[in-house]
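Visitor: Predicted model and sequence follow; I will ask about them next.
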Amino acid sequence: MNTDHIVRTFVEYFEERGHRRITGSTLLPPPGNPVLFTTSGMHPLTPYLEGHPHPLGRRLVNVQRCLRTTDLEEVGDNTHLTVFEMLGTWSLGDYEGPLSLDWGYRLLTEGLGINPGLLHATVFGGDDRTGLDTASLELWQERGVPVELTVEDNWWSSGPTGPCGPDSEIFLWTGSTPPESTPTGDDRWVEVWNHVMMRYRRLTDGSLVPLPQRNVDTGLGLERLALLLQGHTSVFECDVFEPWRRLLPALWQLDELSLRLTYDHLRSAIVVIGDGVRPANTGRGYVLRRLLRRVLTILQRDDPRRSLGDLPDELVEHTLDHFRQEGDPDVVRQVLLEEERRFGRLLQRGRQILARPRLQGPLGDDDLHYLHDTHGLPRDLVLNLRSEG
Ligand code: SER
């Protein structure tokens, strides 16, 4: 089952249950949102979760591209990506959590053919502010799905402030033995679908107030579900990475981890540029710059002649098409090349400055600050250059 088929099955299932499909937004959240990038399908919907009527009603479904830098260190493992697509559903003050969980259970088992014996749920166990989520617990018990109760792992917030609430997550067993242990006890349980009972708003002082309506917000990572349904072990083996796997290893001979990071970071950089972001030293532009510098460092580590200028056009075009972006592939290529040149100049300057006698010993925090503030050399770059020599 390829990703297009999964998307169609998902969207049609919820359309048959009264949901209207909304168009996904860009990676840039609406003004006033406390996050830099859309990290979840709910961000563009924040005003409606807070009570504004949505023009398409109270039941919505969509596919939203998301970017998460919190997982950057985990990218390269089997399940994390920087940019990914999230299939989402919303009840804007309409139906409640148990119905959402029941639909989720039925779609996974009856619609997508997952063996119910491979599922595990987690449910919010309660704390001093909000009690145990008994409605979700009872639903899972009725369906015969084992449940683990947690506190922090089952509370979802969209950012430091804003909508939040207890959630119930559905995990799928990926081990080759029969299922054992629980989601927090064995990482062969992989989270596939999160259902958030989004009923509160967190204020700047950390306190919680009820939202004007009781919402349900669900999100399911498309590439992760595809990897599980397609029987692969890593997201990089699913169909969306097919052109990357076909073209890049022949161009750049890299080890598997370096290839995965290159696929992920370059694909993410193309999408971010396609959404109008340009490299910069702060904010969104800095995230883009970091992604590109990480790729360039990997590529040029054992061959300084490797250049983003060799990146096949097909990969830029495939990525923009996949994310339904209108951007011009030539503009994307120019941005990549300009950033590569800039990084090259910075490296050259960095090497010259680091060769100075006063910087020969081990570098302390003062040296790192001086190199950053006076010469514009970021800490990571200095440490990389030092490890070269
Ligand atoms: N907002 C929740 C999440 O990102 C569910 O959509 O997991």
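Guide: Ah, there it is.
Visitor: and the closest residue to the ligand within the stretch 1-150 of the chain, which of the three is it?
Guide: As assessed by Cβ to the nearest ligand atom, the ligand sits closest to S40 within the stretch 1-150 of the chain, at 3.3 Å. From N, CA and C alone the C-beta is placed, and that goes for glycine too. Following DSSP: H, G, I helix; E, B strand; the rest coil, S40 is assigned to coil.
Visitor: wait, what's in contact with it?
Guide: 64, 66, 86, 88, 158, 219 (Cβ atoms under 8 Å, 6 or more residues apart in numbering).
Visitor: In contact with the last one, which residues are there?
Guide: What it means is G219. Taking Cβ under 8 Å, 6+ apart, one finds 40-42, 86-88, 193-194, 196 in contact with G219.
Visitor: Alpha carbons of the strand or helix carrying it, as PDB, please.
Guide: Per DSSP states H and E: G219 is located in strand 208-221. Extracted in PDB, the C-alpha atoms of strand 208-221 (Å, rounded to 0.1, in the frame of the first residue of the first chain):
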ATOM      1  CA  LEU A 208      -4.700  25.800  32.700                       C
ATOM      2  CA  VAL A 209      -8.100  27.200  31.800                       C
ATOM      3  CA  PRO A 210     -10.900  25.300  29.900                       C
ATOM      4  CA  LEU A 211     -11.300  26.100  26.200                       C
ATOM      5  CA  PRO A 212     -14.700  27.300  25.200                       C
ATOM      6  CA  GLN A 213     -15.400  23.900  23.600                       C
ATOM      7  CA  ARG A 214     -14.200  20.300  24.000                       C
ATOM      8  CA  ASN A 215     -12.200  19.400  20.900                       C
ATOM      9  CA  VAL A 216     -10.500  16.200  19.700                       C
ATOM     10  CA  ASP A 217      -7.300  16.600  17.600                       C
ATOM     11  CA  THR A 218      -5.700  13.600  16.100                       C
ATOM     12  CA  GLY A 219      -2.500  13.100  14.200                       C
ATOM     13  CA  LEU A 220      -0.900  10.100  12.500                       C
ATOM     14  CA  GLY A 221       2.500  10.300  10.800                       C
END
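Visitor: what pairs with that strand, and is each one parallel or antiparallel?
Guide: As defined by DSSP bridges, the strand partners of strand 208-221 come to strand 83-91 (antiparallel), strand 189-202 (antiparallel).
Visitor: Could you pull up phi and psi at the closest residue to P312 other than its chain neighbours?
Guide: Excluding the flanking residues, the one nearest P312 by Cβ to Cβ, 6 or more residues apart in numbering is L247, at 5.0 Å. Note on L247: backbone dihedrals following degrees, to the nearest 10 are phi -100, psi -40.
Visitor: Spit out the contact partners of L247.
Guide: Applying Cβ under 8 Å, 6+ apart, we find L247 in contact with 312, 314-315.
Visitor: How far does stretch 114-129 sit from its chain's centre?
Guide: 22 Å (Cα atoms, centre = their mean, to the nearest Å).
Visitor: just stretch 154-163 next, same as before
Guide: 16 Å.
Visitor: ok, so of the contacts of G219, who is nearest S307?
Guide: Closest to S307 out of the contacts of G219 is M86 (33.2 Å), distances taken as Cβ to Cβ.
Visitor: Next, find the distance separating that closest one from L291.
Guide: Separation of M86 from L291 (Cβ to Cβ, to the nearest Å): 19 Å.
Visitor: for T46, same thing?
Guide: From T46 to L291 the distance is 26 Å (Cβ to Cβ).
Visitor: Name the nearest residue to G159, sequence neighbours excluded.
Guide: Per Cβ to Cβ, 6+ apart, closest to G159 is P34, 4.0 Å.
Visitor: sec struct for R358, please.
Guide: Assignment for R358 (three-state DSSP): helix.
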